[in-house]
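> structure of the sequence below:
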Amino acid sequence: MDELLKEDLDNLKHMLGMNYSKKCWGYRNYYVSNIDDDSMHKLVRMGYVTQSRQSELFSYYHATEQGCIVAGLNKRQIKKALGLIK
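Predicted coordinates:
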């Protein structure tokens, strides 16, 4: 079974804009990474992110509701990250 490591959580938080001021948390929900990023593949397996598209070199990822919860977003921030409110 996969274990969520600090690196994985850091990637998830970065995806959700959590490396900026708390008022900005959830303002975005995407992450672009090289196609062989083990951390992102693990987050997909764990159900915390989905892969939306892939090119020859890069993959695009988005946090799921469960990923938002694990990252530490509140309900309003989750709705913002999932595009349910502006």
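
> which parts of the chain are strands?
31-34, 49-54, 58-63 (DSSP state E).

> packing partners of the lowest-mean-pLDDT helix or strand in the chain?
Sorting the helices and strands of the chain by mean pLDDT, DSSP states H and E puts strand 49-54 at the bottom, at a mean of 92. Using 3 or more CB pairs under 8 Å, 6 or more residues apart in numbering; DSSP states H and E as the contact test, the elements touching strand 49-54 are helix 38-45, strand 58-63. The way it works is simple: take the backbone N, C-alpha and C, and place the C-beta from them, glycine included.

> which of the residues in the longest one are buried?
The one in question is helix 38-45. Buried residues in helix 38-45, defined by neighbour count with 16 or more other CB atoms under 10 Å: 39, 40, 41, 42, 43, 44.

> adding pLDDT, write these out as TSV.
Listed next are those as TSV, based on pLDDT from 0 to 100:
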residue	pLDDT
39	96
40	96
41	95
42	97
43	97
44	97
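
> contact partners for the residue of the chain most remote from its centre?
The C-alpha centroid of the chain is most remote from residue 56, which lies 21.1 Å away (CA atoms, centre = their mean). Going by CB atoms under 8 Å, 6 or more residues apart in numbering, residue 56 touches residue 35.

> how close does it get to residue 34?
10 Å (CB to CB, to the nearest Å).

> what does residue 64 give?
According to CB to CB, residue 64 and residue 34 sit 21 Å apart.

> and for residue 47?
Counting by CB to CB, the gap from residue 47 to residue 34 is 22 Å.

> neighbour count winner among the two?
More neighbours surround residue 47 than the other of residue 47 and residue 34, with 12 against 9 (other CB atoms under 10 Å).

> surely that one touches residue 63?
No - with contact defined as CB atoms under 8 Å, residue 47 does not count as touching residue 63 (10.4 Å).

> give me the distance from stretch 51-67 to the chain's centre.
Remark: stretch 51-67 is offset 8 Å from the chain centroid, using CA atoms, centre = their mean, to the nearest Å.

> can I get that stretch in PDB, CA atoms only?
The C-alpha trace of stretch 51-67 is given here as PDB (Å, rounded to 0.1, in the frame of the first residue of the first chain):
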ATOM      1  CA  GLN A  51      -4.600  13.000 -14.700                       C
ATOM      2  CA  SER A  52      -6.400  15.200 -17.300                       C
ATOM      3  CA  ARG A  53      -4.100  15.000 -20.300                       C
ATOM      4  CA  GLN A  54      -0.600  14.100 -21.400                       C
ATOM      5  CA  SER A  55       1.800  15.100 -24.000                       C
ATOM      6  CA  GLU A  56       5.100  13.400 -25.000                       C
ATOM      7  CA  LEU A  57       6.900  15.000 -22.100                       C
ATOM      8  CA  PHE A  58       4.300  16.300 -19.600                       C
ATOM      9  CA  SER A  59       1.200  15.300 -17.700                       C
ATOM     10  CA  TYR A  60      -1.500  17.600 -16.300                       C
ATOM     11  CA  TYR A  61      -3.000  16.800 -12.900                       C
ATOM     12  CA  HIS A  62      -5.900  18.100 -10.800                       C
ATOM     13  CA  ALA A  63      -6.700  17.500  -7.100                       C
ATOM     14  CA  THR A  64      -9.900  15.600  -6.300                       C
ATOM     15  CA  GLU A  65     -12.200  16.500  -3.400                       C
ATOM     16  CA  GLN A  66     -10.400  13.900  -1.200                       C
ATOM     17  CA  GLY A  67      -7.000  15.400  -2.200                       C
END
